[in-house]
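S.K.: here is my input, please return the structure:
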Amino acid sequence: MSGTRDDSVPRNRLPSAREIGVDDLVRRMFATYGVEDVPAERIPREPTALPWGELKQTFALPADIEERAGIEIRDDVPPDRSRLELLLSREVDRRTAVKLLAIGLVLGFGFLQTACRALLPVGARSDEEREKAKLSLEEYFKRHYRLMTDEEKRATIERLERLYELETGKRPHISTQGPHEGVLYGYAFNISKCRGYLECIRGCIEENNLDRGTDMRYIRIHEIPAGGFSLARANDSFYHEVPAEGHMYVGTQCYHCENPPCVEVCPVQATWKEPDGIVVVDYDWCIGCRYCQAACPYDGRRFNWRTPHVPVEEINLNQHYLGNRLRRKGVMEKCTFCIQRVRQGRLPACVEACPTGARVFGNLLDPNSEIRWILENKKVFRLKEDLGTEPKFWYYMD
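M.R.: Here you go, the predicted model:
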């Protein structure tokens, strides 16, 4: 193959790595995703079978990367495709993932399937398939949400909306609406009014695009025998007419703590507390380790064990990037106080759905809000206050 770029590539398909030039493609990847510790002059122009030891040195990979992944690769021979894909299937940071993808190009493998699900178009594909592949590749390597510029956020939203449109024919509206100044959200639950009708759960499932195939729910309603408040004696899987005589009903969900232990334990900073008090998750940064679930003392976190299924006709297209957009298998999710609603001046879906008025939501910083009146005039309490988590979720009775 000559050293000049191939200008004969048909315009109706994307060129392959060989046609672009391996060095050029790798440089573009590294420039886009901030990889600065690989000498550009050491990247070969054409696919080359380099030994693993040389590749590790050239691409500045950790010396023990294969040992940590439990994989054996000899330094004196080129790694095969399956071993690179195994490395990518283990927990690695995004920069290392980019380097491993670049090594795949250098070795002539193209983009590795495990990481990118065949994101680089090869062979004859439709224009729509090529567009999806290009958008998916860009989406895979986007930056953490909190590190994105406004322009990067805009481009990310356009990709996500277009990808969903290509898959279903419907285009969602995904918001990146930030917190409002002077707002700190809080929630109050009137135990004496809840009758266990579960309308709050149904409203939450529909609003937040929760998986319909499993018992995925952010809200739990606990049926507790009267005479004492004990969640240990509660039943949250009742299937009988309600309210049942001699019982009361208590709802739990994410409490959006002021000092959230779930945030402290996340090893990749995929979850954090926003200035308006909402604890959010960047689903595309979550690695599914479930440390946050273990750390939460209120059982507020949920893990997607399977690819969530929501019928196309039931999907709520009014979404927020940090809220009810469609999630994937293997990530954590939770109540976000319906961030897509409250930042638009609306109430959470569970509050609107409750037929008895047991749920109150509002701005804790507004002295004229209903929730402030409740906190100042009712005898309120919070669960496990001794832990110092400062949940923004109070219980009271009339």
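
S.K.: how about the strands in the stretch 201-350 of the chain?
M.R.: 220-225, 247-252, 271-273, 279-281, 301-303, 318-320, 332-334 (DSSP state E, counting those that start in this stretch).

S.K.: could you dump these to CSV with distance to Arg159, mean neighbour count and mean pLDDT?
M.R.: Using the backbone N, CA and C atoms, a C-beta is placed for each residue, glycine as well. What follows is those, written out as CSV (distance: least, Cβ to Cβ, whole Å; neighbours: other Cβ atoms under 10 Å; pLDDT from 0 to 100):
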stretch, distance to Arg159, mean neighbour count, mean pLDDT
strand 220-225, 35, 19, 94
strand 247-252, 36, 21, 94
strand 271-273, 22, 19, 97
strand 279-281, 19, 24, 98
strand 301-303, 26, 20, 96
strand 318-320, 14, 20, 98
strand 332-334, 21, 22, 97
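
S.K.: columns distance to Asp211 on top of those strands, output as a markdown table?
M.R.: Formatted as a markdown table, those follow (distance: least, Cβ to Cβ, whole Å):
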| stretch | distance to Asp211 |
| --- | --- |
| strand 220-225 | 16 |
| strand 247-252 | 20 |
| strand 271-273 | 20 |
| strand 279-281 | 15 |
| strand 301-303 | 9 |
| strand 318-320 | 15 |
| strand 332-334 | 9 |
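
S.K.: Gly345 is nearest to which of those strands?
M.R.: Across the strands of the stretch 201-350 of the chain, Gly345 has its closest neighbour in strand 318-320 (13.4 Å, Cβ to Cβ).

S.K.: contacts for the closest one, please.
M.R.: Residues from elsewhere that reach strand 318-320, judged by Cβ atoms under 8 Å, 6 or more residues apart in numbering: 172-177, 209, 325-326, 336, 339-340, 343.

S.K.: how about stretch 198-207?
M.R.: 210, 212, 216-219, 221, 251, 314, 316, 324, 335, 338, 341, 349-355, 359.

S.K.: again with stretch 65-79
M.R.: 49-53, 55-56, 62, 83, 86-87, 90, 92, 96, 103, 107.

S.K.: need the next SSE after the lowest-mean-pLDDT helix or strand in the chain, C-terminal direction.
M.R.: Every helix and strand of the chain was ranked by mean pLDDT, DSSP states H and E. The lowest is helix 113-116, at a mean of 44. For helix 113-116, the following helix or strand on the C-terminal side (DSSP states H and E) is helix 127-140.

S.K.: so for that next one, mean pLDDT?
M.R.: For helix 127-140, the mean pLDDT works out to 78.

S.K.: give me the low-pLDDT residue ranges for the protein?
M.R.: Where the chain drops to pLDDT under 70, the residues are 1-20, 32-33, 91, 110-125.

S.K.: output the longest helix belonging to it.
M.R.: Identified as the longest helix of the chain according to DSSP state H is helix 150-168.

S.K.: how about that helix: buried residues?
M.R.: Applying a neighbour-count criterion of 16 or more other Cβ atoms under 10 Å, one finds Lys153, Thr156, Ile157, Arg159, Leu160, Glu161, Leu163, Tyr164 buried in helix 150-168.

S.K.: Gly246: which of those is nearest?
M.R.: Of the buried residues of helix 150-168, the one sitting nearest to Gly246 (Cβ to Cβ) turns out to be Tyr164, at 48.0 Å.

S.K.: can you tell me which residues contact the nearest residue to that closest one once chain neighbours are set aside?
M.R.: Spatially, and ignoring its direct neighbours in sequence, Tyr164 is nearest to Pro172 (5.6 Å; Cβ to Cβ, 6 or more residues apart in numbering). Contact analysis of Pro172 by Cβ under 8 Å, 6+ apart lists Leu160, Glu161, Tyr164, Ile315, Leu317, Asn318, Gln319, Arg325.

S.K.: which of those residues sits closest to Asp24?
M.R.: Leu160 (27.9 Å).

S.K.: contacts only, for the closest one.
M.R.: Glu139, Pro172, Ile174, Tyr321, Arg325.

S.K.: and the furthest pair within those residues?
M.R.: Glu139 and Pro172 (14.5 Å).

S.K.: could I get the full set of helices for the stretch 151-300 of the chain?
M.R.: Here the stretch 151-300 of the chain has its helices, by DSSP state H, counting those that start in this stretch, at 199-207, 261-265, 291-295.

S.K.: rewinding a little: now the buried members of the contacts of strand 318-320.
M.R.: Applying 16+ other Cβ under 10 Å to the contacts of strand 318-320 flags Pro172, Ile174, Ser175, Asn209, Arg325, Leu326, Thr336, Ile339, Gln340, Arg343 as buried.

S.K.: thinking the third one is in contact with Arg343, fair?
M.R.: The reference is to Ser175. Yes. Using Cβ atoms under 8 Å, Ser175 makes contact with Arg343 at a distance of 7.4 Å.

S.K.: for this protein, which residue is closest to the average position?
M.R.: Tyr283 (0.7 Å; Cα atoms, centre = their mean).

S.K.: show me the contacts for it.
M.R.: Going by Cβ under 8 Å, 6+ apart, Tyr283 touches Ala270, Arg325, Arg327, Arg328, Val331, Glu333.

S.K.: can you rerun that using 7 Å?
M.R.: Neighbouring residues of Tyr283 by Cβ atoms under 7 Å, 6 or more residues apart in numbering: Arg327, Arg328, Val331, Glu333.

S.K.: and Lys384, by the same measure?
M.R.: Residues in contact with Lys384 (Cβ under 7 Å, 6+ apart) are Pro297.
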